[in-house]
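[1] Just the structure for this:
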Amino acid sequence: TIASNLAIALTQLGKRVLLIDADMRRPCVHRLFGICDYSTGLVTYLTGQQDWRTLVRPSGTTGLDCLVCGPVPPNPSELLSSERMHELVHEATEEYHFVLVDSPPLLNVADGRILTTMVEGAILVVKGGATPRELVLRTQSYFRDVGAHLIGVVLNDIDLHQAGYYDGYYRYYREYGGPNQTASA
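    Modelled structure (predicted):
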């Protein structure tokens with residue numbers, strides 16, 4: 001969802017974007033964009049059956065194309081670490097303003113760690129209130145270990161009513177009067 005939303009936001013800036021569904025264990029980009037024909041895609045390209053350009057599908061959003069996963073393979077890590085994946089990322093970055101690669105979680109399988117070595121930067125998505133701090137720190141060390149560039153962290157699924165988030169914001173808003181009023185010291 002984060003990759004899809006980011007892709008849409010970039011198209012709203014007038015950029016051409018390719019969203020690649022490289023989560024070969026639980027692909028979902030086809031579902032998010034209502035792409036009915038997802039029988040071919042990234043896996044088809046990585047196994048040498050077709051050129052990736054012929055597998056790209058329009059998302060329904062102007063400027064956003066998708067390369068869906070295709071059939072779920074028995075060996076995702078092997079396919080993602082292939083020279084063909086490197087070629088895809090390189091070629092796509094020459095044709096699009098942005099290439100976003102949706103991957104599985106970094107800690108569960110090697111796929112995400114493999115992909116971080118091929119891209120210019122990675123965004124870490126952390127589930128608020130659920131992901132232990134130690135796991136976030138371990139994930140950051142994975143980025144460092146493979147030489148990946150961590151460009152940001154998205155904290156999602158936050159319950160603003162829990163842990164005082166909402167109360168703190170509401171108190172601040174009430175005390176300083178909202179966006180149209182000036183605070184005085």
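
[2] All the strands of this protein, residue numbers only.
    Secondary structure of the chain (DSSP state E): strands located at 17-21, 57-58, 64-67, 98-102, 122-127, 150-156.

[3] would you turn those strands into CSV with mean pLDDT?
    Below are the strands of the chain laid out as CSV (pLDDT from 0 to 100):
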stretch, mean pLDDT
strand 17-21, 98
strand 57-58, 96
strand 64-67, 98
strand 98-102, 97
strand 122-127, 91
strand 150-156, 91
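
[4] Point out the most buried one among those.
    A comparison of these by mean neighbour count, using mean count of other C-beta atoms under 10 Å, puts strand 17-21 on top with a mean of 26. C-beta here means a position set from N, CA and C on the backbone, and glycine is covered the same way.

[5] That one versus strand 98-102: what angle between them?
    Taking axes from the mean of the first three to the mean of the last three C-alpha atoms, to 10 degrees, one finds strand 17-21 and strand 98-102 inclined to each other by 20 degrees.

[6] same for strand 17-21, what does it pack against?
    Judged by 3 or more C-beta pairs under 8 Å, 6 or more residues apart in numbering; DSSP states H and E, strand 17-21 is in contact with helix 2-11, helix 29-32, strand 64-67, helix 83-95, strand 98-102.

[7] which of these is buried the deepest?
    A comparison of the helices and strands packed on strand 17-21 by mean neighbour count, using mean count of other C-beta under 10 Å, puts strand 64-67 on top with a mean of 24.

[8] What lies in contact with that strand?
    7-8, 11, 16-21, 29-30, 33, 35, 41-42, 45, 52, 55-59, 96 (C-beta atoms under 8 Å, 6 or more residues apart in numbering).

[9] The closest residue to S4 other than its chain neighbours and S103, how far apart?
    Sequence neighbours aside, L32 is the residue nearest to S4 in space, at 5.1 Å (criterion: C-beta to C-beta, 6 or more residues apart in numbering). Distance of L32 to S103, computed by C-beta to C-beta, to the nearest Å: 15 Å.

[10] Spatially central residue in the chain, please.
    For the chain, the residue lying nearest the average C-alpha position, counting by C-alpha atoms, centre = their mean, turns out to be A3 (3.4 Å).

[11] Tell me if I'm right that that residue and L19 touch.
    Yes. Using C-beta atoms under 8 Å, A3 is in contact with L19, at 6.2 Å.
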